[in-house]
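J.: Show me how the following folds:
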Amino acid sequence: MDPGPQPELDWKDGRIPVARAFDDPYFSLAGGLEECRHVFLAGNDLPQRLCDGFHIAELGFGTGLNLLTLALEWARTGRPGCLRFTSFEAFPMAAADMARALAAFPAAAAIAAPLLAARAQGATEIALPGVDLRLILGDARETLGQWDGVADAWFLDGFSPAKNPQMWGEALMAEVARHTAPGGSFATYTAAGHVRRALAATGFQVERAPGFAGKRHMTKGRLVGAPGQAPVIAGPSLQASASSS
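T.: Residues are numbered from 1 along each chain as shown. Prediction:
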């Protein structure tokens, strides 16, 4: 299988990958694993909601850190069964680069071997302990619309909207909503006003929450309506903030 175009990387402090095309790191300089727990897990009320067959979808697979953090939390619950995880990625990172990035997180690196081995062979459907991964390669603006799945929770983890706006457009956010189960959720590190408005317009109840590591805000929400209905906004007006990330 064609592995897709790999990203050109710089390395901050020799350990944090930075996408050269977007001049943006793949995870917080203050701690990627803790950021994932704060933004994507807590933002989606996980692991409390997790159960056998629960389906998480993600925009931006990157290093695989979000997936591995989820797997650690699922194992910690001791609940039976298996989660499903579908991730959309246009520029899949080489397995060696993933390993280099994950080395900064010993807990995640300790369970990464089967993921790295499978990605080194170009696999996109990978069974990990407690989590079945499907990695969909290509531009999400094209691939998400063709996907036949429905997610219970979304990790929206593209690069900064100011640097990678195509990953946060209205049409793509509408596809996120279309592929979300009733009552399903999303979480993202960004508090950009145009992103929150786009998600609210699709039927999500959108709210700001405290961000990670001194970042003032992040965004989370639940699907409570249908695309095209009047926006459902919790808390301060979406017009109040023009934060780009």
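J.: Contacts only, for the residue nearest the centre of the chain.
T.: Nearest to the mean C-alpha position of the chain, counting by Cα atoms, centre = their mean, stands F155 at 3.1 Å. F155 makes contact with F40, N44, I56, A57, E58, L59, G60, N66, F186, A187, T188, according to Cβ atoms under 8 Å, 6 or more residues apart in numbering. No exception for glycine: its C-beta is placed from N, CA and C like everyone else's.
J.: what bridges to it?
T.: E58, A187 (DSSP bridges).
J.: Which pLDDT value goes with it?
T.: We have a pLDDT of 98 for F155.
J.: what comes up buried for the longest helix along the chain?
T.: Taking DSSP state H as the criterion, the chain has its longest helix at helix 65-77. Using 16 or more other Cβ atoms under 10 Å as the test for burial, helix 65-77 gives L65, N66, L67, L68, T69, L70, A71, L72, E73, W74.
J.: need those residues in JSON lines with distance to A101, can you?
T.: Below are the buried residues of helix 65-77 laid out as JSON lines (distance: Cβ to Cβ, whole Å):
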{"residue": "L65", "distance to A101": "7"}
{"residue": "N66", "distance to A101": "12"}
{"residue": "L67", "distance to A101": "13"}
{"residue": "L68", "distance to A101": "11"}
{"residue": "T69", "distance to A101": "13"}
{"residue": "L70", "distance to A101": "17"}
{"residue": "A71", "distance to A101": "16"}
{"residue": "L72", "distance to A101": "16"}
{"residue": "E73", "distance to A101": "20"}
{"residue": "W74", "distance to A101": "21"}
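J.: can I get those residues in JSON lines with pLDDT?
T.: Shown next, in JSON lines, are the buried residues of helix 65-77 (pLDDT from 0 to 100):
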{"residue": "L65", "pLDDT": "94"}
{"residue": "N66", "pLDDT": "95"}
{"residue": "L67", "pLDDT": "97"}
{"residue": "L68", "pLDDT": "96"}
{"residue": "T69", "pLDDT": "96"}
{"residue": "L70", "pLDDT": "97"}
{"residue": "A71", "pLDDT": "97"}
{"residue": "L72", "pLDDT": "96"}
{"residue": "E73", "pLDDT": "96"}
{"residue": "W74", "pLDDT": "97"}
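J.: Out of those residues, which is nearest to F204?
T.: Of all the buried residues of helix 65-77, F204 sits closest to N66, with 19.8 Å by Cβ to Cβ.
J.: Against A174, how distant is that closest one?
T.: Taking Cβ to Cβ, to the nearest Å as the measure, N66 and A174 are separated by 23 Å.
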